[in-house]
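Visitor: can't give you the sequence, but here's the structure:
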């Protein structure tokens, strides 16, 4: 006899009112059915605004579906004992001013676990999350990875049989992502099930089952291998020389017979629309990944058009000998703690420079010093030849900045936000409306024009933020994790724009946790424990790492270099 | 003129943020009008509806005359008779009555003997203001009664004949309603302006703002606009409404009023922005606002006359924009204050505005690094 399912949905539909009066209603879910057996791990994937979060909220009993049956733990969801479901909303629900311990104990009590009476469970949570040393730190001051771990621990403190985790690994570095993944499995008791939404298909590959939602409908349900199967026989690989990799990617993406393409390891992978190898020699068939299956499933049949966003940029010429961004010995200390130590690099016009490193390594500190948001303790930074401290406004005029967290005005509409940013950059009258029209058209924001920015799906918010950063076609662009939380198709589109913008002579400084994005950069700087530990092209970094143990893939190089530094630090101590 | 574009963008954005929120709109437009009506009638210093207890031990004509005059006063609601002074005391303690009169048994006899008659008066000292005023009323009534009964004894000494200039009938509304303009405008302008920068910090939009090529003064100037406009709009509305809905006259020049209201709104906006720059979130900003609003109101002279304060506090009150605005409001409404006499009250407000905005600018610069 098989155990009864923990979760059973049948024909669930949900429709939301339009954002404004007169706007058409939004069909968030349209006849979704699924069952989840005990002990299973279900990955919920799909494009942004595909209905993932709505489905999670319905399963948690927070909103009622318009139609269909929802049974949780064998009973209708209306009769659900919420204490038996661990729900972690997107971004967690932590109190930033409370300490780690206060947050955890608050949630424990709310879920009926008295911390004093269950010391083993509390200790287990501290041990597994690695937060034991940070008990007294306010949760608002934790690094992104630690915050997600704490939010996860708070959601599952009572070891519920069903865990609903909405984007637990967004904005987290590869090392922490693996740890969060393990954490969720260790925290779940035997026989408990996890539903996990993610926009990272690599995460989905680790699940038992995958459910792909698009426009509120189930487009795929089954094991991850089956999703990869959708692109089977269509994926081709060709090795690339070290130089001109980005340009090769760009031209591959714009070909009508290519669904998607990415730089991986030493070469270029493409998913062919017809299945046949793309034109040219040197292509060999390779096994498909879940991400490629995802792309093939959601393919709209249209080739990626040349970036209209980049077309508005003046041609500035690339590789000029004058640095567009220069960091000279940038150091930032907080009391006795050094957040960034003597970091130096330059970025040439037209170059894409990647800042890599784990959460809390000093990457953001470096980034913020270069954007002029943080004054360095010593050293200096220039943007387009202008000093960030002495020519504050002039330096800012030359740069576009896209922060990690959405930082536009949630109360205002998309239109009002863009008008404000345009005005803030001194764009007036027709210049402003032309710039706004170009950005809105290129990023597909027309249908959100009059919507409040705060209520947009994550991916749309990111598009708006990118649009705001490039309104004034700056010669220097700062992008802080531009693609965190957006689905693979939007990521591809983002990089398509970024590459095209760089090709017109804009220098781009980008931070990312995705290794395929790092592969797309011209040069990389790896930061760990406040220091720059390696700098060079992706190939350089891999070569550098291979002397210490070998790495064909950038992610392995990343981990190897970080481990090597940790070991050296341990030797020195 | 790119600075103008930037300031305009900032101002428009701030206006949208403040005015798009329907709750804010209610708070800003409807509630001030309700407040004006409520405060206009509630904050009167006149004591009406007085309940008085009487222990009457005199059965003669004097007490009869006095009590009927008392009952006829428009300020007295009820006269209750008590058997003894102990009962009277009990009545005051229970707040049944505000004052107790003890009429001695020989009152009428004293009157007949042409002696100076005396009555005992017990007052509730917990309600000191009302008690003092009631004592005044009662003394007047007693005097009048005496004069009526014995006209030949009336005032051999010179009498003070009071005439209340600019408020001939001594209507308290004439004092309170123009004063309310100052108080309500302060509350509204401050509650809008303290949010301006604290909101950006709380919602995490501060970083984006700092990465934009805006000078600090451009940010501040743009952020002045909503609070300033809301202040000018509301106070202007009051100036127009008050003569319409009440009998309070407006005798001054509207232009002088406009200049004064603008300087005043700017001063309060500046104070609010200075508080906002040091606040991490809106909660702190609101608390900071309360921290200055109460002393400013107390020092303004609205609740208690500035002349009664110690010398050093009177000096402090001279830098309180509320005290100047209050003077101008009363001056323009009741007596047509000429511009030359309004100016000595306008320039201190402008100076406060300059100093506060300067402080806000300095703090913003300091805290952005």
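Guide: That came in fine, so what should we check first? Owing to the predicted nature of the structure, the values given are computational and were not obtained by experimental measurement.
Visitor: what number of residues lie near the residue nearest to residue A:94 when sequence neighbours are not counted?
Guide: Leaving aside its chain neighbours, residue A:94 sits nearest to residue A:139 (4.4 Å; criterion: CB to CB, 6 or more residues apart in numbering or on different chains). (C-beta placed from N, C-alpha, C; glycine too.) Around residue A:139 there are 24 other residues, counting by other CB atoms under 10 Å in any protein chain shown.
Visitor: for the most centrally placed residue in chain A, what are its contacts?
Guide: With distances taken as CA atoms, centre = their mean, residue A:484 lies nearest the centre of chain A, 1.6 Å away. Contacts for residue A:484 (CB atoms under 8 Å, 6 or more residues apart in numbering or on different chains) come out as A:170-171, A:404, A:462, A:513.
Visitor: residue farthest from the centroid of chain B?
Guide: residue B:113 (49.1 Å).
Visitor: still on that earlier bit, what are the phi and psi values for the residue nearest to residue A:94?
Guide: phi -70, psi -20 (degrees, to the nearest 10).
Visitor: residues in contact with it?
Guide: Contacts here follow CB under 8 Å, 6+ apart; on that basis residue A:139 touches A:94-96, A:98-100, A:103, A:147, A:150.
Visitor: mind checking pLDDT for it?
Guide: Predicted confidence (pLDDT) for residue A:139: 86.
Visitor: what's the closest non-adjacent residue to residue A:310?
Guide: residue A:500 is the one closest to residue A:310 (CB to CB, 6+ apart), at 3.4 Å.
Visitor: Looking from chain B, tell me which residue of the stretch 101-250 of chain A is nearest.
Guide: Of all residues in the stretch 101-250 of chain A, residue A:140 sits closest to chain B, at 10.9 Å by CB to the nearest CB.
Visitor: Run a quick neighbour tally on the closest residue to chain B within chain A.
Guide: Residue of chain A nearest chain B, by CB to the nearest CB: residue A:423 (2.2 Å). Residue A:423 has 26 neighbouring residues, counting by other CB under 10 Å.
Visitor: on that earlier part again, past the one helix or strand the residue nearest to residue A:310 maps to, which element shows up next along the chain?
Guide: In this assignment (DSSP states H and E), residue A:500 forms part of helix A:488-503. Following helix A:488-503 in sequence order, the next helix or strand is strand A:507-511 (DSSP H and E).
Visitor: Direction included, what does that following strand pair up with?
Guide: Using DSSP bridges, strand A:507-511 pairs in its sheet with strand A:352-356 (parallel), strand A:476-480 (parallel).
Visitor: would you list those strands in CSV and tack on mean neighbour count?
Guide: Shown next, in CSV, are these (neighbours: other CB atoms under 10 Å in any protein chain shown):
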stretch, mean neighbour count
strand A:352-356, 25
strand A:476-480, 25
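Visitor: Checking the residue of chain A closest to chain B next. Helix, strand or coil?
Guide: helix (DSSP: H, G, I helix; E, B strand; the rest coil).
Visitor: Tell me the confidence at it?
Guide: 92.
Visitor: what does the one 5 residues further on give?
Guide: In this prediction, residue A:428 carries a pLDDT score of 86.
Visitor: Just to check, it is in contact with residue B:7?
Guide: No: with contact defined as CB atoms under 8 Å, residue A:428 does not count as touching residue B:7 (11.9 Å).
Visitor: more neighbours, the two?
Guide: residue B:7 (24 against 17).
Visitor: Up against chain B, what does chain A have?
Guide: Proximity of chain A to chain B, by CB under 8 Å from any CB of the partner chain, involves residues A:371-375, A:393-394, A:396-397, A:399, A:401, A:403, A:405-412, A:416, A:419-428, A:468, A:478.
Visitor: where in the chain is pLDDT low?
Guide: Using chain A. Chain A contains residues with pLDDT under 70 at A:1-3, A:18-24, A:189, A:318-321, A:547-552, A:569, A:572-573.
Visitor: nope, chain B please
Guide: If you take pLDDT under 70 as the line, chain B has these spans: B:1, B:40-41, B:43-46, B:152-161, B:169-170, B:369.
Visitor: Report how many residues lie close to the residue of it found nearest chain A.
Guide: Chain A sits closest to residue B:9 of chain B, with a gap of 2.2 Å, by CB to the nearest CB. Under the neighbour criterion other CB under 10 Å, residue B:9 is assigned a count of 25.
Visitor: can you count the residues close to residue 28?
Guide: With no chain named, the answer covers chain A. Neighbours around residue A:28, by other CB under 10 Å: 25.
Visitor: think we crossed wires, I meant chain B
Guide: Residue B:28 is flanked by 20 other residues according to other CB under 10 Å.
Visitor: what sits against it?
Guide: B:18, B:188, B:192, B:230, B:234.
Visitor: does it sit in a helix, a strand or a coil?
Guide: Three-state call for residue B:28 (three-state DSSP): helix.
Visitor: Show me the helices in the stretch 51-200 of chain B, by range?
Guide: B:61-72, B:85-93, B:107-112, B:128-149, B:172-193, B:195-202 (DSSP state H, counting those that start in this stretch).
Visitor: I'd like those helices as JSON lines, with distance to residue A:196 appended.
Guide: Shown next, in JSON lines, are these (distance: least, CB to CB, whole Å):
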{"stretch": "helix B:61-72", "distance to residue A:196": "83"}
{"stretch": "helix B:85-93", "distance to residue A:196": "71"}
{"stretch": "helix B:107-112", "distance to residue A:196": "94"}
{"stretch": "helix B:128-149", "distance to residue A:196": "68"}
{"stretch": "helix B:172-193", "distance to residue A:196": "44"}
{"stretch": "helix B:195-202", "distance to residue A:196": "31"}
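Visitor: So which bits of the stretch 201-350 of chain B are right by chain A?
Guide: Residues of the stretch 201-350 of chain B lying near chain A by CB under 8 Å from any CB: B:203-208, B:210-215.
Visitor: what about 6 Å?
Guide: Proximity of the stretch 201-350 of chain B to chain A (CB under 6 Å from any CB of the partner chain) is limited to residues B:204-205, B:207-208, B:210-215.
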